[in-house]
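In: Just to be clear, the model below is a prediction. Sequence and coordinates:
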Amino acid sequence: MNAIKKLPPPTNHLIASELPIYIEKQLKSHSRYILCYKHLLNQHRNTFVKRDTLIDTEQRVALILTAMEKGFRIEFHTLMNLKRSYESTLFNLREEMQGKLGSAIRVNSNRDLGNLLFNNLGLSPLRRTPTGNSSASIDVLERLRDSYSDVYPFLKSVIEFKNAQSLIKSVKTISKKLDLQDRIHPEFNHSTCPTGRIYSYIQNLPKEVRKVLIPDEEGNAFIELDWSQQELRILAALSQEPVFLDCLDRNEDLHKRVISEMFHKPIFEVKDEERKIGKTINYALIYGQEAPGLSWKLNIPLKKAQELIDQYFLSLLMIRKFKDESRERFLSEGYSETAFGRKTQLDLIGSKRARELRRGFNHIFQGTGADILRMTLVRLNEALVGQMAKLKFCAHDAIYIEAKEELSEEIGELAKSIMEIEFKGVRLPVTVKIHNNLSMGD
DNA sequence: CCAACTGGCGCC
DNA sequence: AAATGGCGCCAGTTGG
């Protein structure tokens, strides 16, 4: 086994504990973000940021986030209508479940649910939670429903109930966060995630509920700018895998192309069913997923899953090489680094080793994506000076701008041209959509 | 009664 | 060990 050394932070990098000193000087009036950086001190995972990156980008990002925390106006009566409609759905489903089951059940408690399914009804557990209990989460319930729909029709209602319940939870979350003017504020956290991602609870509002978030003024619209398949393109660029590069050059579908390569058939013969498999494997790679995970995800035998993975690496040799070399680097250097120098220390000693190696591999893509987002926020912010438009929100691979509706096409094109950078020879294309609320068009 | 934890779910 | 990375939030549960 390789000797694992614990190395000091690389030169030209600040250790997290130095951050507050720099930030405090620059950002006297934005105490919240100084605080955020201070939280880094208590982090168990060390993160390092390049000195110039910090000064050029991080503090500007902090200012931009502060501005975006002005937040959203919400349509209060729409929120209440949603709430009422979910409540009545829940009421009906509760009746339905009890009818089918013959007794009441507390669906909220997965423990009760698990007892019912795996003790009282004697079904065999499909999966366990980390503490060893039988999992009764939605995806398990769906598998059970598919197998036992005739015997246990209440399973269908339970799933619908859970779905409706998660929606009503989101409504509650919003209601709790409203200020006196019925505005909701993102509260971006940009310092806790080791990969550099910026987080806000608004990002994980269900899309259906996000539509209550509307522009500040009548006649304004949201411009949504999305990088398409950002992480996969980063993978293509960093690995220089010829199949990926060729595919992107020709503007072909990446997931279909993977299947086409793996099974040696022309791309136009790849069916949508197979494309799904290609997509699952592509993302599995980025997450460091292995055969057991893939077999659960695709609902196929373990052996089949392993064969798929083997075939994937056999067809995409440069990706395999990139993965192997990354692993070697993690082991010799002790940390994982993004394309722009954001590093995260890996804990490679002990039981977490395998997990840390997966995290390290994922850090490359997730972190590089996060770097790109941060730099782009800064560039966009500058480009929008003097325009009738403002940065509104961001979510990992998407940026939202609010602008006058008549100007939104034009501003959208401007923003798109700024976001569509070329990254190591790979273009990162952006899709533009205009919305009247935060989730859906029109 | 509160705080911390667990399991689950939402988004990317 | 969900043998898929990241986070935030909720309800339920447990311990003080």
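Out: Structure's in. What do you need?

In: Quick one: distance of stretch A:237-245 to the chain centre.
Out: Mean-position distance between stretch A:237-245 and its chain equals 23 Å (Cα atoms, centre = their mean, to the nearest Å).

In: Repeat that for stretch A:398-417.
Out: That offset, for stretch A:398-417, works out to 23 Å (Cα atoms, centre = their mean).

In: quick one: that stretch near DNA strand C?
Out: No - shown here: stretch A:398-417 not in contact with DNA strand C (Cβ under 7 Å from any atom of the strand), separated by at least 12.2 Å. In short, each C-beta sits where N, CA and C put it, glycine included.

In: Show the end-to-end separation of that stretch, please.
Out: 14 Å (Cα to Cα, to the nearest Å).

In: What helix or strand is the residue positioned nearest the centre of chain A located in?
Out: With distances taken as Cα atoms, centre = their mean, A:His396 lies nearest the centre of chain A, 6.6 Å away. Following DSSP states H and E, there is no helix or strand that holds A:His396.

In: cool, and the one 3 residues further on?
Out: Taking DSSP H and E as the criterion, the element that holds A:Ile399 is strand A:398-404.

In: That strand packs against which elements?
Out: strand A:220-227, helix A:353-383, strand A:389-394, helix A:408-419 (3 or more Cβ pairs under 8 Å, 6 or more residues apart in numbering; DSSP states H and E).

In: The same query, at a cut-off of 10 Å, please.
Out: strand A:220-227, helix A:353-383, strand A:389-394, helix A:408-419, strand A:430-435 (3 or more Cβ pairs under 10 Å, 6 or more residues apart in numbering; DSSP states H and E).

In: show me the residues around the residue nearest to the centre of chain A that make contact.
Out: A:195, A:197-199, A:203, A:227, A:230-231, A:366, A:369-370, A:373 (Cβ atoms under 10 Å, 6 or more residues apart in numbering).

In: need those in a markdown table with distance to A:Thr338, can you?
Out: Output for these, formatted as a markdown table (distance: Cβ to Cβ, whole Å):
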| residue | distance to A:Thr338 |
| --- | --- |
| A:Thr195 | 8 |
| A:Arg197 | 11 |
| A:Ile198 | 14 |
| A:Tyr199 | 17 |
| A:Gln203 | 20 |
| A:Trp227 | 16 |
| A:Gln230 | 13 |
| A:Glu231 | 12 |
| A:Gln366 | 8 |
| A:Gly369 | 9 |
| A:Ala370 | 8 |
| A:Leu373 | 12 |
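
In: which residue sits closest to A:Val432, ignoring its sequence neighbours?
Out: A:Gly412 (4.3 Å; Cβ to Cβ, 6 or more residues apart in numbering).

In: I'd assumed A:Glu406 was in contact with the one you found.
Out: No - with contact defined as Cβ atoms under 10 Å, A:Gly412 does not reach A:Glu406; the gap is 12.0 Å.
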